[in-house]
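J.: sequence and predicted structure are below.
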Amino acid sequence: MHRFLMGISVLVICSATFVACAASLNDNQMVDFLAQSLCVDALGKPTSQIPIIDNCTSMRPQRADDRAVYQKHDWPDQRVYPQYFLTGHQASDSVLANPKGRPVIEQTQDFGGDRNHQFGVMDANDGGQAVLLVDGWASAVMTQDAGAGVQWFIGNGCRRSVEDGRRSWVFFNEAVPTGMWADTVTNLGLGRSASACPKQFNLAYTRFRREQVLFPFRLVNGNNVTMTSRALDVIITDHFGGGAAANPASNPSLERFFFAKHLGWVRWEAWKNVEYPAFLARRAAMLGQAEALQAGRRCPAVAYSTPPGPGWYQVDCRMWTTIVRVTKPWSVRDYHWPVFQNADWR
């Protein structure tokens, strides 16, 4: 996944006439959206049930060292696998990696299913993102992917302290509203390490909201696939590749994220404004990407998956709602993501 560079002020206006604002979230409640959960019994012991899918009422965030009951996979591309295919191309687990100290959420991107890529371990093209809670914000501080490699996202607060710089690629804050967007403009730069302070920063406009969204699911149990749907409590966040807050559609690009309560990160989208002057020479290629994505049918439409304005096209997407029951002993710790595991999260 490629990132587009982008101070922090947030405007949220709630009116009884037009919108009902959600109650402010505490840190534990924010983690419920960022990390997937395990079902637990009356003694707090994990069960074999799957949150959202099975009828369990008691849950806790899944930790990196917990034995996994399930994994979230994306949907298979119908152009590549026109016949029956179980697990898709990429697994993505969202787990709490530092449960006794500062909350650190590990969100993996694990390719598998062919001779060059194996699910469950980190190999070529794999990566993920790390999310911290910083002053009431969920902030992605590091990502790794095959295209851009390892990137540390650092806010201009690093000029005051390393900690202030970790409020960088923000997703949402504790005051996320329902029924409308809240928004912010951030100053963000790239660093070679977690403690770096870049010389250059770029503005990026971000907006976010919390809504109920109906999601389709593919439930995989052995060689059987069952189709179903569930209404999810999700936080949607749009991260634009420019700082134009007054008119979001005048930005060049955006990445959209869906975080579901008790399932973590469930969908990612990339959009391009093909009418943006710098993109005109690549307009045909971008339209081709959009057409191919639609033909593959690996990201069925859901609410709020809409263009921000005319000339915008979705060019990439992953939706991790193929739920695969795990039968062998395995935990996300076994993924062994070196950059993540060697970082000093304090």
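T.: Okay, I see it. Residues are numbered from 1 along each chain as shown.
J.: can you tell me the SS state at the residue nearest in space to the middle of the chain?
T.: The residue at the geometric middle of the chain, judged as the C-alpha nearest the mean C-alpha position with C-alpha atoms, centre = their mean, is Trp265 (4.2 Å). Here Trp265 is strand, with the state taken from DSSP: H, G, I helix; E, B strand; the rest coil.
J.: I'd say Pro46 and Ala68 touch.
T.: No - the pair Pro46 / Ala68 is not scored as a contact, 9.6 Å apart, by C-beta atoms under 8 Å. Glycine gets a C-beta too; all of them are placed from N, C-alpha and C.
J.: show me where the stretch 51-200 of the chain has strands.
T.: All strands of the stretch 51-200 of the chain, identified by DSSP state E, counting those that start in this stretch, fall at 59-61, 70-73, 90-91, 94-96, 104-111, 127-134, 137-145, 149-155, 169-173, 182-191.
J.: can those strands go into TSV with extra columns for distance to Arg210?
T.: What follows is the strands of the stretch 51-200 of the chain, written out as TSV (distance: least, C-beta to C-beta, whole Å):
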stretch	distance to Arg210
strand 59-61	18
strand 70-73	20
strand 90-91	26
strand 94-96	17
strand 104-111	17
strand 127-134	16
strand 137-145	12
strand 149-155	23
strand 169-173	8
strand 182-191	9
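J.: which helices and strands does the lengthiest strand in the chain pack with?
T.: The strand spanning the most residues in the chain, taking DSSP state E as the definition, is strand 202-221. Packing partners of strand 202-221 (3 or more C-beta pairs under 8 Å, 6 or more residues apart in numbering; DSSP states H and E): strand 169-173, strand 182-191, strand 224-240, strand 322-325.
J.: where in the stretch 1-150 of the chain is pLDDT low?
T.: In the predicted model of the stretch 1-150 of the chain, residues 1-22, 82-84, 99-100 satisfy pLDDT under 70.
J.: 90 - rerun?
T.: Screening the stretch 1-150 of the chain residue by residue with the criterion pLDDT under 90, one finds the ranges 1-23, 55, 78-88, 98-102, 113-117, 124, 146-148.
J.: number of nearby residues for Asn173?
T.: Asn173 is flanked by 23 other residues according to other C-beta atoms under 10 Å.
J.: any idea what it is bridged to?
T.: Listed by DSSP bridges, the beta-bridge partners for Asn173 are Trp137.
J.: one step back: nearest to Arg160, out of the helices and strands packed on strand 202-221?
T.: strand 182-191 (12.5 Å; C-beta to C-beta).
J.: still on that earlier bit, contacts only, for the residue nearest to the centre of the chain.
T.: In this structure, Trp265 makes contact with Leu34, Ser92, Ser94, Gln107, Phe257, Phe258, Phe259, Trp320, judged by C-beta atoms under 8 Å, 6 or more residues apart in numbering.
J.: most surrounded residue in those?
T.: When the contacts of Trp265 are compared by neighbour count (other C-beta under 10 Å), Phe259 ends up highest, at 30 neighbours.
J.: following the longest helix along the chain, which helix or strand shows up next?
T.: Secondary structure of the chain per DSSP state H: the longest helix is helix 283-296. Past helix 283-296, heading to the C-terminal end, the next element that is a helix or strand (DSSP states H and E) is strand 312-319.
J.: what strands flank that following strand, and is each parallel or antiparallel?
T.: strand 264-273 (antiparallel).
J.: the strand it pairs with vs strand 224-240, what angle?
T.: Following axes from the mean of the first three to the mean of the last three C-alpha atoms, to 10 degrees, one obtains 50 degrees for the angle between strand 264-273 and strand 224-240.
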